[in-house]
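>>> Okay, here's the prediction I keep looking at, along with the sequence it came from:
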Amino acid sequence: NAGVTQTPKFQVLKTGQSMTLQCAQDMNHNSMYWYRQDPGMGLRLIYYSASEGTTDKGEVPNGYNVSRLNKREFSLRLESAAPSQTSVYFCASSDGTSGRPGELFFGEGSRLTVL
Amino acid sequence: ILNVEQSPQSLHVQEGDSTNFTCSFPSSNFYALHWYRWETAKSPEALFVMTLNGDEKKKGQISATLNTKEGYSYLYIKGSQPEDSATYLCAFGGRDTGRRALTFGSGTRLQVQP
């Protein structure tokens, strides 16, 4: 049971470089999310996609873009990485009703360091 | 920005102690309150999803209660074991159509000493 798979697990970037975090889920969930986790701050929502074909900003969207490629895949792109984007990134999916999130299933996290 | 607060931030207890944590959230536009357990080096995993005022859920020695009118939920662990050591996160889901996603608290980190 793969569940939610995100890649890469670790990445080191230099300031100004770009990269894309990939996320895929095999549970046929409608909704997918990207969160970042920083010490003492819990999980903060970057972007989410309530259903295929839609994306919306969360609390901390600046510096990021997303693509809901299809129902399975939701990618997060850093166009020009900054040290403030050093964090652990989690992708999650859920299959709620009426667009409201049900239980979230998380990927294993991607640790990104921007030098 | 929604305010979801958890207390305490961290807790150290001895094996066998019972403990509880609090999650407070906006009492208006409530849809759901989730609890997640997050072990070090792993992903958060759902413990409970609660949607009704007065809900009580139980899984093993862990239970949770919900008061949507006053905007709080308690998580109880009876007879803590070292394997209960983890960060416990609560997350609020509102009916606000502007955001169909959960807002997380910053978590309570529990350390159970053998």
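Sure, I can see it.
>>> Please make it C-alpha for all contacts and neighbour counts, starting now.
Noted.
>>> Report the contact partners of the residue in chain B that chain A sits nearest to.
Going by CA to the nearest CA, chain A is nearest to residue B:106 of chain B, at 3.7 Å. Residues in contact with residue B:106 (CA atoms under 8 Å, 6 or more residues apart in numbering or on different chains) are A:40-43, B:5-6, B:9, B:89.
>>> and stretch A:46-61, C-alpha only, in CSV?
Taking Å, rounded to 0.1, in the frame of the first residue of the first chain, the C-alpha atoms of stretch A:46-61 are listed here in CSV:
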residue,chain,number,x,y,z
ILE,A,46,0.9,26.4,1.5
TYR,A,47,-1.5,25.4,-1.2
TYR,A,48,-4.3,22.9,-1.7
SER,A,49,-6.4,21.4,-4.4
ALA,A,50,-9.9,20.6,-3.3
SER,A,51,-10.6,18.7,-6.5
GLU,A,52,-8.9,17.9,-9.8
GLY,A,53,-8.6,21.0,-11.8
THR,A,54,-8.7,23.5,-8.9
THR,A,55,-6.0,24.9,-6.7
ASP,A,56,-6.2,27.5,-3.9
LYS,A,57,-3.8,29.4,-1.7
GLY,A,58,-3.3,28.5,1.9
GLU,A,59,-1.7,30.5,4.7
VAL,A,60,1.9,30.8,3.3
PRO,A,61,1.7,30.6,-0.5
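>>> ok, is that stretch in contact with chain B or not?
Yes - residues of stretch A:46-61 contacting chain B under CA under 8 Å from any CA of the partner chain: A:48, A:50, A:58-59.
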